[in-house]
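Enquirer: A structural model of the following input is requested.
(one chain, ligands or ions: 1)
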Amino acid sequence: MSTLFSTRCAGPSRPVDLAGRPLRSAPWPAPDPAAQHRQRRPTYAGAVRSLGPADVAAAADRISTWVTPTPLQRSARLSELTGATVLLKREDLQPVRSYKLRGAVNLIAGLDEAARRRGVVCASAGNHAQGVALACAELQVPATIFLPSTTPRQKRDRVADLGGKQVTIVVGGETYDDAAAAALDLATDTGAVMVPAFDDQRIVAGQGTVAREIVEQLGRLPDLLLVPVGGGGLLAGCVAAIGGSDADDRLVGLEPAGAASMTAALRHGAPVRLDKIDSFADGTAVRRVGEVTFPIVRDSGCRVSTVAEGAICVEMLALYQTEGIIAEPSGAMASAALSDPDQLAQLPIRQGQTVVAVVSGGNNDVSRYGEVVERALIHEGRKHSFLVEFPQEPGALRRFLDDVLGPDDDIALFEYVKRNNREFGPALVGLELGSRDDLEPLLRRMAASPITVQPVPPDSPLFGLFLS
Ligand SMILES: Cc1ncc(COP(=O)(O)O)c(C=O)c1O
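Expert: Residues are numbered from 1 along each chain as shown. Sure, this is the predicted structure:
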């Protein structure tokens, strides 16, 4: 097979029902601009009627041979912060290091012999590809997996290792959209079964087994279940597992602030495409939520909130340093809602309740930790950048260090921007503070100093040019 493929953009793969038959689109009514974001009275219209606890129970049965339950682990840190008993659902401990195996196995294990012989096809740059690869290796089903050429070598190797002989990897095209278009072309030409990352009821039911397993392990519903949201597969699955009447009070979906596609869809009354997204939380940085997943989430009335990327970074480091958990950005998003004071204040948590946060994935590349630390420090108000106009005379730098910096302020970056002016040499200076409270006195000392200092905020063009 050629490694070059068409760059035509595909629309979202067509939604199907549990038997694999195409669903009619537009299962939801026209948007009502006056409608409240969070409906207190669920209507359970459309797709949610055909997906409920029985479907998730059937999925749990179907996948039980291949997917082992993951632990619920108490976090002393988050329990202390919240006053609740906080349990982490460790989906990062799956053999593919994310829950994505569940939906993939449910879909593929449910195929009949003829469909299995034709094989399956998917497009993904990450966890979905790994889930499909392992599912196909376990179930002995041939798969063609399209990866955009930007997929890091480590991830390509991981997909190849997990899939073994069953998997053909096709690398090409610039973006996920290119890969998805090529996958769809192959499925159309060969009759291979498309395995979407989220927008399919069989995938949704499989992901819902996470919530079903939590209820089995606890012996009851948690008071609050926090779930990350990308295309909405996991959240919709949890709605189905819990049953509609409990989802509005007990389920909270969290999505990255820089890619809040479910929030946008709920506001518009239908999935909409976001033009610009921050791809930092790569697993959940989705431009448009699913046509199958959206009405399930909307009709459940569950709360959907956003988490700042900086707060995700703070939580990734806390999970690493306190619990010893390697979480990828999307995997740390649900528990970030508990460790971030602004987020926590919005959650309806009472003393002594039981709260579960899903740690959905642990595929984090070690090379990303530099950026994670940087974003975490900025979010905590401990890292600040300045343009400092040093007079070109002996002792200028010494005066800056003595008169302006405080005892716990460290220079994390020092770079002359240019030195061609005879009198002044501007330099970019990054300062790491001991605490966010050290900023005010630092700014006062800067104002009192004869040296001209200009803050460079993280959203300024200068920061984008030199520091991000
Ligand atoms: C680690 C991780 N968490 C969460 C998600 C969000 O998934 P969904 O599309 O089911 O909302 C993904 C999606 O790939 C993921 O990889």
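
Enquirer: tell me the contacts of the residue of the stretch 301-450 of the chain found nearest the ligand?
Expert: Closest residue of the stretch 301-450 of the chain to the ligand, CB to the nearest ligand atom: Gly361 (2.5 Å). For the C-beta atoms, the positions are set from N, CA and C on the backbone; glycine is no exception. Residues near Gly361 by CB atoms under 8 Å, 6 or more residues apart in numbering: Glu91, Asp92, Arg97, Ser98, Tyr99, Lys100, Asn127, Gly283, Ala327, Glu328, Ser330, Gly331.

Enquirer: Any idea how far apart the tips of stretch 110-121 sit?
Expert: Counting by CA to CA, to the nearest Å, you get 15 Å between the two ends of stretch 110-121.

Enquirer: now do stretch 187-195
Expert: 10 Å.

Enquirer: i'd like the first residue to be 22 from this point on
Expert: In the new count, where the first residue is 22, that last one comes out as stretch 208-216.

Enquirer: That stretch and the ligand, any residue contact?
Expert: No - counting by CB under 6 Å from any ligand atom, the ligand has no neighbours in stretch 208-216; the shortest distance is 12.8 Å.

Enquirer: which other residues reach that stretch?
Expert: Taking CB under 8 Å, 6+ apart as the rule, stretch 208-216 contacts 34, 41, 125, 128-129, 132, 136, 139-143, 149, 153, 164-165, 204-205, 207, 224.

Enquirer: How about stretch 177-186?
Expert: Identification of contacts with stretch 177-186 by CB under 8 Å, 6+ apart yields 116-117, 150-151, 153-155, 157-158, 164, 166, 168, 188, 190, 192, 384.

Enquirer: Name the nearest residue to the residue of the stretch 322-471 of the chain closest to the ligand, ignoring sequence neighbours.
Expert: Closest residue in space to Gly382, ignoring its immediate chain neighbours: Ser119 at 3.4 Å, by CB to CB, 6 or more residues apart in numbering.

Enquirer: Next: Asp76.
Expert: Per CB to CB, 6+ apart, closest to Asp76 is Ala226, 4.5 Å.

Enquirer: For the stretch 172-321 of the chain, which segments count as helices?
Expert: 174-184, 197-211, 222-228, 230-239, 254-263, 265-271, 282-289, 314-321 (DSSP state H, counting those that start in this stretch).

Enquirer: Please render those as a markdown table that adds mean neighbour count, mean pLDDT and distance to Gly451 to the earlier fields.
Expert: Output for the helices of the stretch 172-321 of the chain, formatted as a markdown table (neighbours: other CB atoms under 10 Å; pLDDT from 0 to 100; distance: least, CB to CB, whole Å):
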| stretch | mean neighbour count | mean pLDDT | distance to Gly451 |
| --- | --- | --- | --- |
| helix 174-184 | 16 | 90 | 29 |
| helix 197-211 | 19 | 89 | 33 |
| helix 222-228 | 32 | 98 | 41 |
| helix 230-239 | 21 | 98 | 40 |
| helix 254-263 | 32 | 97 | 37 |
| helix 265-271 | 18 | 81 | 43 |
| helix 282-289 | 21 | 98 | 32 |
| helix 314-321 | 28 | 96 | 41 |
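
Enquirer: I'd like the ones you listed laid out as TSV, including distance to Asp363.
Expert: Formatted as TSV, the helices of the stretch 172-321 of the chain follow (distance: least, CB to CB, whole Å):
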stretch	distance to Asp363
helix 174-184	33
helix 197-211	31
helix 222-228	28
helix 230-239	26
helix 254-263	21
helix 265-271	22
helix 282-289	16
helix 314-321	23
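
Enquirer: between those helices, which one is nearest to Phe435?
Expert: Ranking those by proximity to Phe435 (CB to CB) places helix 174-184 first, at 32.9 Å.

Enquirer: Please report phi then psi for Asp299.
Expert: Backbone torsions for Asp299, taken as degrees, to the nearest 10, come to phi -90, psi 120.

Enquirer: separation between the residue nearest to it when sequence neighbours are not counted and the ligand?
Expert: Nearest non-adjacent residue to Asp299, counting by CB to CB, 6+ apart: Gly279, 2.5 Å away. Distance of Gly279 to the ligand, computed by CB to the nearest ligand atom, to the nearest Å: 14 Å.

Enquirer: Would you mind confirming that Gly279 is in contact with Ala302?
Expert: Yes - in this structure, Gly279 is within contact of Ala302 by CB atoms under 8 Å, at 7.4 Å.

Enquirer: filter the contacts of Gly382 by proximity to the ligand?
Expert: Filtering those for proximity to the ligand by CB under 6 Å from any ligand atom leaves Ser119, Lys121, Asn148, Gly304, Glu349, Ser351, Gly352.

Enquirer: Could you report the pLDDT at Thr89?
Expert: pLDDT recorded at Thr89 is 90.

Enquirer: Asp363 is in contact with Val335, correct?
Expert: No - using CB under 8 Å, Val335 makes no contact with Asp363, being 11.7 Å away.

Enquirer: and the two? which has more neighbours close in?
Expert: Val335 (21 against 10; other CB atoms under 10 Å).

Enquirer: hey, C-alpha coordinates of the helix or strand hosting that one in CSV?
Expert: In this structure, Val335 sits in helix 330-339 according to DSSP states H and E. C-alpha atoms of helix 330-339 as CSV (Å, rounded to 0.1, in the frame of the first residue of the first chain):
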residue,chain,number,x,y,z
GLU,A,330,-4.2,24.1,30.4
GLY,A,331,-2.0,25.6,33.1
ALA,A,332,-4.2,23.9,35.8
ILE,A,333,-3.8,20.6,33.9
CYS,A,334,0.0,21.0,34.0
VAL,A,335,0.0,21.7,37.8
GLU,A,336,-2.1,18.5,38.3
MET,A,337,0.2,16.5,36.0
LEU,A,338,3.2,17.4,38.2
ALA,A,339,1.3,16.8,41.4
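
Enquirer: tell me the mean pLDDT over it?
Expert: Rounded mean pLDDT across helix 330-339 is 97.

Enquirer: re the thing from before, intersection of neighbour lists for Gly279 and Ala302?
Expert: With CB under 8 Å, 6+ apart as the test, Gly279 and Ala302 both reach Glu330.

Enquirer: Can you pick out the residue with more neighbours from the two?
Expert: Neighbour count, other CB under 10 Å: between Gly279 and Ala302, Ala302 has more, with 27 against 19.

Enquirer: which residues does that one contact?
Expert: Contacts of Ala302 (CB under 8 Å, 6+ apart): Pro277, Gly279, Ala280, Glu330, Ile333, Pro350, Ser351, Met354.

Enquirer: ok, now Val142?
Expert: Counted by CB under 8 Å, 6+ apart, Val142 has contacts Ala164, Thr165, Ile166, Phe167, Ala204, Leu207, Ala208, Thr211, Ala213, Val214, Met215, Val216.

Enquirer: with those residues in mind, which one is nearest to Leu464?
Expert: Taking CB to CB as the measure, Phe167 is the one of those closest to Leu464, at 51.2 Å.

Enquirer: now for the host helix or strand of the closest one, which elements pack on it?
Expert: Assigned by DSSP H and E, Phe167 belongs to strand 164-168. Strand 164-168 is packed against strand 141-144, helix 148-160, helix 174-184, strand 188-192, helix 197-211, with contacts defined by 3 or more CB pairs under 8 Å, 6 or more residues apart in numbering; DSSP states H and E.

Enquirer: and the longest one with strand 164-168, angle?
Expert: To tie it back to what came earlier, the one meant is helix 197-211. Angle of helix 197-211 versus strand 164-168, following axes from the mean of the first three to the mean of the last three CA atoms, to 10 degrees, is 150 degrees.
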